[in-house]
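J.: I would like the atomic coordinates for the input below:
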Amino acid sequence: MAARRTKEEEDARLIGMAAYEDECRARGMEMVCGVDEAGRGPLAGPVTAAAVILPRGLHIIGLDDSKKLSEARREVLYEIILREAVAVGIACVEAARIDEINILQATMQAMAEAVGQLSVRPDIVLVDGNRLPKWMCNSEAIIGGDAKCLSIAAASVVAKVTRDRLMTAYDVSLPGYGFAKHKGYGTPTHIEALGVLGLSKIHRQSFCKKEWLHESEE
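T.: Numbers count the residues shown, from 1 in each chain. Below is the predicted model of the structure:
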């Protein structure tokens, strides 16, 4: 969770995080889209991507890389982003597809689909990381972008909250695995549950070791 900042410190931080968008707009690209994903590492559930275009000059207090924020703070920011953004696109690629094409390609697919869901065509897409999907978009990869760029940080929050809500819903329909708590990540309790229950329909078979599974999965 981010340390408490003074108003002056927070204003300066947000101005710094807006530098990528400001530079793009100075070059005539008004609709700047940030893209990020959530859920590359879990054993279960989809990989989720979000694409967010924020309006010029919008500095949302507390917006940061979703990994630095508490769950409660992410939920608050999620609602603000959806209310204030010019456009938001969200896409999920499910476990079966991840097993079919691998997690990297599934992540690229989710990002491309999220941008495709936008109601406004972006002039440039800023993507967290060091790889870009194969698309026709004018785009730039920014390593650590979720902590450096406002629109990517917004996308990281939307992707994380969307995926966490999905996994919490799966905890109801697929009880016993603890999805609401660990969100599909490979915690000891999750691996223990695999030994008792075996694979569910949302598990990534390519991520789960055979020795973890119930005898019926052999």
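J.: any idea which helix is longest in this structure?
T.: Using DSSP state H to assign secondary structure, the helix with the most residues in the chain is helix 150-173.
J.: same question for it, mean pLDDT?
T.: Taken as a whole, helix 150-173 has a mean pLDDT of 98.
J.: Show me what that helix is packed up against.
T.: Applying 3 or more Cβ pairs under 8 Å, 6 or more residues apart in numbering; DSSP states H and E, one finds that helix 150-173 contacts helix 7-17, helix 19-26, strand 32-38, strand 47-53, helix 71-84, strand 87-93, strand 124-128, helix 179-182. All C-beta atoms are positioned from the backbone trio N, CA, C, and that covers glycine.
J.: one more time with 7 Å
T.: helix 7-17, strand 32-38, strand 47-53, helix 71-84, strand 87-93, strand 124-128, helix 179-182 (3 or more Cβ pairs under 7 Å, 6 or more residues apart in numbering; DSSP states H and E).
J.: Flag the shaky bits of this structure, pLDDT-wise.
T.: 1-3, 214-218 (pLDDT under 70).
J.: can you rerun that using 90?
T.: The chain contains residues with pLDDT under 90 at 1-5, 134, 136, 213-218.
J.: Show me what counts as buried in the longest helix of the chain.
T.: For helix 150-173, burial by neighbour count (16 or more other Cβ atoms under 10 Å) applies to 150-164, 166-167, 170-171.
J.: Report the distance from that helix to the chain centre.
T.: 7 Å (Cα atoms, centre = their mean, to the nearest Å).
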